[in-house]
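> Can you look at this prediction? I've put the sequence above it.
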Amino acid sequence: MWQHEITKTIPLLSEKGELTQAGWARQPYPVYERKAIKASPLRIKEWDYYLIANDRFALALTVADNGYMGLDSVSWMDFQEGWQVTKSPMRVLPLGHTGLPASADRGTTASSGKGYGLTFLHTDGKELGPTRQLVFQMEHFREDRTIQGSVTLFDQPEESVVICTPFDKPGHFYYNRKINCLRAAGTVTLGEETYRFDPADSFAVLDWGRGVWTYKNTWYWSSASGLVDGELFGFNLGYGFGDGSAATENALIYGGKVHKLSHVKFHIPGKPGREDWLSPWTFTSDDGRLEMEFRPILDRAACTDVKVLKSDQHQVFGRFTGRAVLDHGETLQFRDLTGFAEKVVNKW
């Protein structure tokens, strides 16, 4: 599949609020400006989502401004004990006043409410170089215990996956950047328990999204980051929404570089609507460059259904084993790489 690569700085949107170019990039060349969007503020969706994980536990943090509704979320997954907790306070009609940055590389993302707060900062880590500092706290998280922590992300790869996806409806688009293979260091406390992310085996991904979505859609997304033969390796896979004819978001990340893939299919056991989430999955690419098995260990399932609005999510964590072929033909073999794969059905 031929895919359009954007290779120079351009405005993301035209004067009519349409994408100037659909496609993908290795750098955030398309420049996002909220004021260029022509849709109602009720329909604009902006979010920053971080997942930090190792092979024992994981933390997910979200600050989202979806126009009519804001959502601030903390998730903690314990893979060894087999449990997860997610708390997601909502805010009514933020309409962009959350003030999420126009770039994934600068600015501050912050939100708070009764008994909780989340802040994502860009800092100069001196010996670590540029860093991202994630600070959060949420009361009554699990069994009336407070969860809180501070995690530093560093060693950002030189390249990341940037995607500009149009929808069939005029003025609707999704601008997304996925930054894999960030090293993570920090501490999280849950009541009297303390968990530490060690940069030797703890890695993060940022899902930075801005756009105007159609009302009903389904997406599939999978991501993992870790080490293969001592080198940072990860992948980003996804499909199911919008018009992907110009480019997919599928890519390998190795040695700080993006290696672009074509189409990748998620083979989920069971039938649509009756999936067997915790049985082994397989993943195949139409270009033969990625073949892998996924062995689930935990399903972070959540379903909110108020008829007009619905979100049915299955974010399944587990371990990936397979082979991947880089752009120049080198084949990598990987085993037990910790990550996740998800299916989300939304009416929003």
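Arrived safely, thanks for sending.

> contacts and neighbour counts: CA atoms only from here.
Noted.

> Check whether the residue sitting nearest the centre point of the chain sits in a helix, strand or coil.
For the chain, the residue nearest the mean C-alpha position is Asp207 (3.2 Å; Cα atoms, centre = their mean). What DSSP: H, G, I helix; E, B strand; the rest coil gives for Asp207 is strand.

> what about it, distance to Leu290?
Asp207 sits 22 Å away from Leu290, going by Cα to Cα, to the nearest Å.

> Gly273 too?
26 Å.

> same question, Phe57
Counting by Cα to Cα, the gap from Phe57 to Leu290 is 26 Å.

> residues near Arg142, how many?
16 (other Cα atoms under 10 Å).

> Check the one 4 residues further on too.
Using other Cα under 10 Å, the number of residues around Thr146 comes to 17.

> who's in contact with it?
137-140, 189-191 (Cα atoms under 8 Å, 6 or more residues apart in numbering).

> Report how many residues lie close to the closest residue in space to Ala102 that isn't next to it in sequence.
Using Cα to Cα, 6 or more residues apart in numbering and skipping the chain neighbours, the partner closest in space to Ala102 is Tyr32 (5.9 Å). Look at Tyr32: counted by other Cα under 10 Å, it has 19 neighbours.

> now do Lys8
For Lys8, using other Cα under 10 Å, the count is 10.

> ditto for the one 4 residues further on
Using other Cα under 10 Å, Leu12 is surrounded by 21 other residues.

> I figured it hits Leu19, correct?
Yes - look at Leu12 against Leu19 with Cα atoms under 8 Å: they come within range, at 5.8 Å.

> Show which residue of this structure lies farthest from the average position.
Most remote from the centre of the chain, using Cα atoms, centre = their mean: Glu192, at 29.5 Å.

> Next, the contact list for that one, please.
Contacts of Glu192 by Cα under 8 Å, 6+ apart: none found.

> so what's it scoring on pLDDT?
Listed pLDDT for Glu192 reads 96.

> what about it, distance to Thr146?
Taking Cα to Cα as the measure, Glu192 falls 9 Å from Thr146.

> same deal with Leu59?
14 Å.

> Dihedrals phi and psi, the residue nearest to Ala102?
When read as degrees, to the nearest 10, the backbone of Tyr32 gives phi -90, psi 130.
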